[in-house]
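Visitor: let's see this in three dimensions:
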Amino acid sequence: MSTATTPKTGTGRAAGGALHGTLWLVWRRHRTALLAGILLTLAACALFSYQRIGLMGFLGDHGAPDALQDEFRTRFDGAFNSDLSFLRYIPVVVAVFLGAPLISSELERGTVHLVTTQSTGRGRWLATTLALPLTLVTVCTTLLAVVFQWLWAPARSLVVGGDWLNSGPFDVTGPVLAAKTLFLTACGIALGKLLKRMIPAMVATAFTAAAVSVVWGEKVVARLGTPLRLTYPYDGDGPALPADAVRFDDWVATADGRLYGFGTCVHDAQPDACRAKLGIVHRVTEYFSYDQMAAMQWRGAALLLALTAVLLAFVVWRARRRPL
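Guide: Numbering: from 1, shown residues only. Below you'll find the model as predicted:
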C-alpha cells in the first residue's frame, strides 16, 4: 500500500523558502507593511545619494559660506525640508501602521488562537512576532539615518539655518531615528495588546506619538546636554557664537553670576536704575556646540531604548500571564 505525501504548506519550510515556521507566518501576515518599508528605504537612500551629487558639485563651485547662503536656500532648501519632514514622520507612520496592528490584528481576527493551538507555543509566536518586524525597522531606520547624515553633514551650517538641534537633523541622524521609531512602535504594540482591536489601537498610537513628540522636543532634548555660556558686558555687542552652534537661551546676570530673565527691567519706568538696584551688569548667552551633538544623541537614544525594553517586557509579561 502506497502512502501519498502532502507538500508542506502553511507554516512549513517549503511554503516559505528561506523563511519557515512562525517566521514565515509573521512575514506573510505583515508582508505588505514590511515590503513597503524596505522599498521606501531603498528609494529614499537612492534619492539622498542623488541629492549629494548635486550638493557636492554646488559646494565645490563656491567659496565662502556667507556668500552662498541665499543661493543655497533657493536651490536646496525645498529638498532638505522635504527630506527632514519625511524622516521625522517615519517613527509615527511605522508605529501606527506596523506597531499598532502587529498584535491587535491577530487578537481581533483570532489568528493567534489558531496558531497557538498548533505546534507553536505562545512564547515562540510572541518572540517571532516581535523580533522580525523590529529587526527590519532597526535596519531600515539606521540605514536612512546614516545615508541622510552623509548628505547633510557637508552643508550642515546651511541647512535650516544651521539649527541642527530644533529643526530636524538631531532627530533623524545618528542613533535617534532608529531609537525613536522603536520606542513609538513598542508603544503601538503595547496599546494593541491592551485594546485588542486594530483601529482603536492605531488611533491611540497616533495620539501617543503626537504627545511624545511634544514632550521630546520641549522637555527632553535640551536636557540631554549642558549648554555652554558666553558672558559679555550688558551694553556690549557680544561675541559671535562658534560655528555650527545653536543658541539656546539668553539671560542677564550680576557680577557674581546670578541670572535673571532676559527681559528683566526692560519695561520698568527707569530700566537703568532697576538694573543698578539688582546689580545687573552682564548679558549671558547659552548655546549648544555641534561637538556636543553626538553625545546628546546617544544619551537620548539610550533613554528611548530603555523605555522600549520596558514596554516590550510589559507586552511579554501580559501575554504570558493573561489569555491572548
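
Visitor: can I get stretch 47-60 in PDB, CA atoms only?
Guide: Extracted in PDB, the C-alpha atoms of stretch 47-60 (Å, rounded to 0.1, in the frame of the first residue of the first chain):
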ATOM      1  CA  LEU A  47      17.300  59.900  -3.600                       C
ATOM      2  CA  PHE A  48      19.700  61.100  -0.900                       C
ATOM      3  CA  SER A  49      22.700  59.800  -2.800                       C
ATOM      4  CA  TYR A  50      21.500  61.600  -5.900                       C
ATOM      5  CA  GLN A  51      21.000  64.800  -4.000                       C
ATOM      6  CA  ARG A  52      24.500  64.500  -2.600                       C
ATOM      7  CA  ILE A  53      26.000  64.600  -6.100                       C
ATOM      8  CA  GLY A  54      24.300  67.900  -6.800                       C
ATOM      9  CA  LEU A  55      25.200  69.300  -3.300                       C
ATOM     10  CA  MET A  56      28.900  68.500  -3.600                       C
ATOM     11  CA  GLY A  57      29.100  70.000  -7.000                       C
ATOM     12  CA  PHE A  58      27.400  73.200  -5.700                       C
ATOM     13  CA  LEU A  59      29.700  73.400  -2.700                       C
ATOM     14  CA  GLY A  60      32.800  72.800  -4.800                       C
END
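
Visitor: would you mind listing the buried residues in that stretch?
Guide: For stretch 47-60, a neighbour-count test (16 or more other C-beta atoms under 10 Å) marks 47-48, 51-52, 55, 58 as buried. Using the backbone N, CA and C atoms, a C-beta is placed for each residue, glycine as well.

Visitor: looking at the residues you listed, which is nearest Thr308?
Guide: Closest approach between these and Thr308, by C-beta to C-beta: Phe48, at 26.0 Å.

Visitor: ranges for the strands of this structure?
Guide: Secondary structure of the chain (DSSP state E): strands at 228-233, 246-254, 259-261, 280-288.

Visitor: tabulate these (JSON lines), appending distance to Gln270, mean pLDDT and mean neighbour count.
Guide: What follows is those, written out as JSON lines (distance: least, C-beta to C-beta, whole Å; pLDDT from 0 to 100; neighbours: other C-beta atoms under 10 Å):
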{"stretch": "strand 228-233", "distance to Gln270": "20", "mean pLDDT": "92", "mean neighbour count": "14"}
{"stretch": "strand 246-254", "distance to Gln270": "16", "mean pLDDT": "92", "mean neighbour count": "17"}
{"stretch": "strand 259-261", "distance to Gln270": "16", "mean pLDDT": "92", "mean neighbour count": "14"}
{"stretch": "strand 280-288", "distance to Gln270": "13", "mean pLDDT": "93", "mean neighbour count": "19"}
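
Visitor: export those strands to JSON lines and tack on distance to Ala155?
Guide: Converted to JSON lines, those look like this (distance: least, C-beta to C-beta, whole Å):
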{"stretch": "strand 228-233", "distance to Ala155": "24"}
{"stretch": "strand 246-254", "distance to Ala155": "16"}
{"stretch": "strand 259-261", "distance to Ala155": "35"}
{"stretch": "strand 280-288", "distance to Ala155": "19"}
